[in-house]
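Engineer: please find the sequence and the predicted model below.
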Amino acid sequence: MAIREIVYMGDPVLRAPAEDVTVFDKDLGALIRDMFETMYHADGIGLAAPQVGLSLRVIVVGLRGHDDGELEQQPLALVNPIVTWESKEVAKQSEGCLSIPGLEEVVQRPVSVRVEAKDPDGNDIIVEADDLLARALQHEIDHLDGILFIDRVSMLKRRMLLKKWKKIEAEASVDTG
């Protein structure tokens, strides 16, 4: 297993629709293990393959250690996931992203979803999720479609977030330069 480098907003891979996975082999298994290790190392609860620079429809989600009143979920690795149903009920909650560190904003999403996908071995699976797990799945599946959480807020909030991001990037380049 290895910790992979997370790519940041501005990298074109984050804006391109990811490719379907057609081969379920040891390389896919290694990628998924690396993604879990990378996600946990970065204190995240989800990670999509484009966030580690690979345009593949693969996500991992793990809610361990998040005390929000929910039962701790088994870590999930989903290949080619698609939201096939979402609740009419929506909720607003703050979201952040490992590819846009330092930014958070309230995003409205359906409270419950059903996701159809393949597991790492290529078997069909269905995940029915509520609350934080549903939010994490939607956020990560958005990554597979080239959508970032900042695309789901008002234009005014988005402009403010982008301005803050430019400042964060400028400070980071001073620190590393």
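Structural biologist: Perfect, thanks for sending it. Numbers count the residues shown, from 1 in each chain.

Engineer: C-alpha from now on. contacts and neighbour counts both.
Structural biologist: OK.

Engineer: all strands of this structure, in order?
Structural biologist: 46-48, 58-61, 76-86, 90-96, 104-110, 112-118, 124-130 (DSSP state E).

Engineer: among those, which comes closest to residue 171?
Structural biologist: strand 104-110 (17.8 Å; Cα to Cα).

Engineer: quick revisit: as a markdown table, the strands of the chain with mean pLDDT would be great.
Structural biologist: Listed next are the strands of the chain as a markdown table, based on pLDDT from 0 to 100:
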| stretch | mean pLDDT |
| --- | --- |
| strand 46-48 | 98 |
| strand 58-61 | 98 |
| strand 76-86 | 98 |
| strand 90-96 | 96 |
| strand 104-110 | 97 |
| strand 112-118 | 98 |
| strand 124-130 | 96 |
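
Engineer: show me the contacts for residue 151.
Structural biologist: residue 158 (Cα atoms under 8 Å, 6 or more residues apart in numbering).

Engineer: contacts only, for the residue positioned nearest the centre of the chain.
Structural biologist: Nearest to the centroid of the C-alpha atoms of the chain, with distances taken as Cα atoms, centre = their mean, sits residue 140, at 2.8 Å. By Cα under 8 Å, 6+ apart, the residues touching residue 140 are 46-48, 59.

Engineer: now do residue 4
Structural biologist: Applying Cα under 8 Å, 6+ apart, the residues near residue 4 are 34-35, 38, 52.

Engineer: how close does it get to residue 112?
Structural biologist: 31 Å (Cα to Cα, to the nearest Å).

Engineer: go on, residue 93?
Structural biologist: 14 Å.
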